[in-house]
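K.L.:
next input, structure requested:
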Amino acid sequence: MTQTENSATERQSASLAVRFAWIALILATLYLCYFHNLGAIGFVGPDEPRYAWIARDMAETGDWVTPRLYGEPWFEKPPLYYWAAGLSFKLFGVSEAPAHFPSALAALFATLAMAWLAWRLYGAETARWLLLLLPTTVGMIGFSHAAATDMLFAATLTMAMVCAASLVGLVPSSALPAYFISSSSFTSFFFGFFLGLAVLAKGPAGIILSGGGVLLWAIFTKRWRDAFRCLHPIAIASFCLTALPWYILCARRNPDFLRIFIVEHNFKRYLTPEFQHLQPFWFYIPIVLLAVFPWTVLMFPAARQAFSENKNHRPELASMLFFISWPAFVLFFFTASRSKLPGYILPAIPPLTLLLAKSLATSARAGETSRRWLTMPLGASLIAAGFALSMVSGRLPTYTDIRPAPEVTAIALTAGIGGMVIALCALFRRANFALFTMVVFLLLLVAQIDNFIAKLDAVLTARTVAAQATRLWPQYSTNSAATWQLKRSLAYQLNYYSHAEVPEWKQREPKPKWLLVEPRRAREARVLGFTCLEYLVYPAVIPCKDSDLTGGLGALGGSGSSGGSDANRQPR
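P.N.:
I've put the predicted structure just below:
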């Protein structure tokens, strides 16, 4: 074998090793960011326990048409999440992981769809970077672990917009099978199908966001004829067949459905402050910057690249304007709303991240100086994140008396050390290695944060209260229990885990045997004649028993004896 053949063999082996490294890193990223520890923590906030209740009710009753909360019709959201979670309950059992699984799966599908589009428009390198960047953003990690409608809506809208990019002629014809060249029927069908799913996930906003993004792109590019391809009869028929049957059937069974859902939960939510989600007009600026973290610093080279393409009228200008128009309209639409929540902006994250991946891939192909000045700010952002975490750690919830918790210190150190390693690699002209190191440290951080959050379950949710109360105090029963001045989110969580709507006690009413309160209300509960059994370690909710009925239990809240071992109790 000649020296030339030896060199070719070595290059081929190196290329194969690099490919395997990419594949392993991408698979690890997708698993750790989307599917790791899905059931580690109970339902948080007021929405997750309500949505999970409705999904569980559908699975138990077999009524997949009318969403019901505590036995009554509840029309705040369409049924796509309830269907997905209910089916997940049927397949995997009723728990938190199956409730979170639809969001994780939707995030995966959206990521793969965006990677396909990045591959067809900008090449394999951009697609590979997108598969690493998008799953590691704060927004995608957070909402992929939520039992909520946001991720399903964002994912189905993303897949619809990927089809729209093909319909308007951005994807090269040679990239499509032969039947796509002569007709856009197949693409039109899936565009209508995914848009219909988006409307089943969150309502008419799917039509507005999709149409508005394409319309804004047509204004910038003057390609009106291409934009109108999205109104292909097959797309309209597919949309109607997907979205309308449930709306029609639900309206026939529930005469008030259209008024409650369309008028109150769409128009009033958007046009009035009735739902008390008022925020300043600039609210989504920091939300977007946080949602794409830790890749936020890539926005600057991405903006510079976009300006250069616009100035030089490069061929890829039309596709770049598509990925600008899409998130820009989402931002404009929800900024104009009188009701603002962080999850509303999630559909803007995939196209923004694609622009960041394109900029990163371009810089990676450029000279060492360009790569170095790109990776050093990324390292600095991790150092800043570690420093900020160490500064606020004393105010974070924790399950132990040690402040900050050891896990918080470990997370801050990992971020700081990772940032320094990345910056040093860039400084010593190892920018490509620094980028891979960045992703590895991010995955390590995700695993650490997941494990820490799992330990905060009793602090953040009401999942452990009913089970532990029943185990420690056999006299406890939710049939004779009531809540008192609980936060709205904790009350909904308690209802879900108790599998019953626990009533709220008013002081003018007869005292219940058991009163469920937050720890900060324990002293007030004692004044009212209840003995609080504080044996759960830093719980979000504690049970209190009517002291008139305690008998020999004594002042359990003060000295502790019958309710549980003192070893189980932590000082407050």
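K.L.:
all contacts plus neighbour counts: C-alpha atoms, from now on.
P.N.:
Fine.
K.L.:
which element is the most centrally placed residue in the chain on?
P.N.:
Residue closest to the average C-alpha location in the chain (Cα atoms, centre = their mean): residue 143, at 0.7 Å. Residue 143 belongs to helix 138-144 when assigned by DSSP states H and E.
K.L.:
now the element after the worst-scoring helix or strand of the chain on mean pLDDT, going C-ward?
P.N.:
Least confident helix or strand, the chain: helix 178-182 with a mean of 43, by mean pLDDT, DSSP states H and E. Next along the chain after helix 178-182, taking DSSP H and E as the criterion, comes helix 185-202.
K.L.:
quick one: mean pLDDT for that following helix?
P.N.:
Regarding helix 185-202, the rounded mean pLDDT is 95.
K.L.:
picking that back up, check contacts around the closest residue to the residue nearest to the centre of the chain other than its chain neighbours.
P.N.:
Nearest non-adjacent residue to residue 143, counting by Cα to Cα, 6 or more residues apart in numbering: residue 151, 5.9 Å away. By Cα atoms under 8 Å, 6 or more residues apart in numbering, the contact set of residue 151 is 103, 106-107, 143-144, 346.
K.L.:
distance to residue 158 for those - can I get that in a markdown table?
P.N.:
Shown next, in a markdown table, are the contacts of residue 151 (distance: Cα to Cα, whole Å):
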| residue | distance to residue 158 |
| --- | --- |
| 103 | 14 |
| 106 | 10 |
| 107 | 10 |
| 143 | 15 |
| 144 | 14 |
| 346 | 10 |
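K.L.:
nearest to residue 221, of the residues you listed?
P.N.:
residue 346 (25.3 Å; Cα to Cα).
K.L.:
that closest one touches residue 141, doesn't it?
P.N.:
No - counting by Cα atoms under 8 Å, residue 346 stays clear of residue 141, with 11.3 Å between them.
K.L.:
how close does the spatially closest residue to residue 373 that is not a sequence neighbour sit to residue 438?
P.N.:
Leaving out its chain neighbours, the residue that sits closest to residue 373 by Cα to Cα, 6+ apart is residue 426, at 7.7 Å. To residue 438, residue 426 is 11 Å away according to Cα to Cα, to the nearest Å.
K.L.:
between the two, point out the one with more neighbours.
P.N.:
Higher neighbour count among residue 426 and residue 438: residue 426, with 26 against 23, using other Cα atoms under 10 Å.
K.L.:
let's have the contacts of residue 151 in JSON lines, adding pLDDT and distance to residue 397.
P.N.:
As requested, those are exported to JSON lines (pLDDT from 0 to 100; distance: Cα to Cα, whole Å):
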{"residue": "103", "pLDDT": "97", "distance to residue 397": "26"}
{"residue": "106", "pLDDT": "97", "distance to residue 397": "30"}
{"residue": "107", "pLDDT": "97", "distance to residue 397": "28"}
{"residue": "143", "pLDDT": "95", "distance to residue 397": "20"}
{"residue": "144", "pLDDT": "95", "distance to residue 397": "22"}
{"residue": "346", "pLDDT": "96", "distance to residue 397": "26"}
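K.L.:
so which helix or strand takes in residue 323?
P.N.:
Residue 323 belongs to helix 317-335 when assigned by DSSP H and E.
K.L.:
after that helix, next one along is what?
P.N.:
helix 349-365.
K.L.:
next, the angle from that following helix to helix 317-335.
P.N.:
Interaxial angle, helix 349-365 versus helix 317-335 (axes from the mean of the first three to the mean of the last three Cα atoms, to 10 degrees): 140 degrees.
K.L.:
after helix 349-365, which helix or strand is next? Please name it.
P.N.:
For helix 349-365, the following helix or strand on the C-terminal side (DSSP H and E) is helix 368-392.
K.L.:
what angle sits between the following helix or strand past that next one and helix 368-392?
P.N.:
Per DSSP H and E, helix 368-392 leads on to helix 406-427 as the next helix or strand towards the C-terminus. Inter-element angle recorded for helix 406-427 and helix 368-392: 160 degrees (by the same axes, to 10 degrees).
K.L.:
packing partners for helix 406-427?
P.N.:
With contacts defined as 3 or more Cα pairs under 8 Å, 6 or more residues apart in numbering; DSSP states H and E, the packing partners of helix 406-427 are helix 368-392, helix 431-455.
K.L.:
which SS state does the nearest residue to residue 43 once chain neighbours are set aside fall under?
P.N.:
Leaving out its chain neighbours, the residue that sits closest to residue 43 by Cα to Cα, 6+ apart is residue 49, at 5.6 Å. Assigned with DSSP: H, G, I helix; E, B strand; the rest coil, residue 49 falls in the helix class.
K.L.:
what's the answer for residue 506, then?
P.N.:
What three-state DSSP gives for residue 506 is coil.
K.L.:
contacting residues around it?
P.N.:
Residue 506 touches residue 484, counting by Cα under 8 Å, 6+ apart.
K.L.:
if we use 10 Å, what do you get?
P.N.:
482-485 (Cα atoms under 10 Å, 6 or more residues apart in numbering).
K.L.:
now do residue 483
P.N.:
Neighbour list for residue 483: 490-491, 494-495, 502-506, 512, 514-518, 541, 543-544 [criterion: Cα under 10 Å, 6+ apart].
K.L.:
picking up where we left off before, in CSV, list the helices and strands packed on helix 406-427 along with distance to residue 403 and mean pLDDT.
P.N.:
Below are those laid out as CSV (distance: least, Cα to Cα, whole Å; pLDDT from 0 to 100):
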stretch, distance to residue 403, mean pLDDT
helix 368-392, 11, 80
helix 431-455, 14, 83
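K.L.:
closest one to residue 113 among the ones you listed?
P.N.:
Nearest to residue 113, of all the helices and strands packed on helix 406-427, is helix 431-455, at 20.9 Å by Cα to Cα.
K.L.:
show me what that closest one packs onto, helices and strands only.
P.N.:
Under the contact criterion of 3 or more Cα pairs under 10 Å, 6 or more residues apart in numbering; DSSP states H and E, helix 431-455 touches helix 3-34, helix 124-133, helix 349-365, helix 368-392, helix 406-427, helix 457-460.
K.L.:
now do that helix: distance to the chain's middle.
P.N.:
18 Å (Cα atoms, centre = their mean, to the nearest Å).
K.L.:
in that helix, what's buried?
P.N.:
Using 16 or more other Cα atoms under 10 Å as the test for burial, helix 431-455 gives 431-432, 434-448, 450-455.
K.L.:
contacting residues around the closest residue in space to residue 405 that isn't next to it in sequence?
P.N.:
Sequence neighbours aside, residue 398 is the residue nearest to residue 405 in space, at 6.4 Å (criterion: Cα to Cα, 6+ apart). Residue 398 makes contacts with 404-408, 452-453, 455-460, 538, as judged by Cα under 10 Å, 6+ apart.
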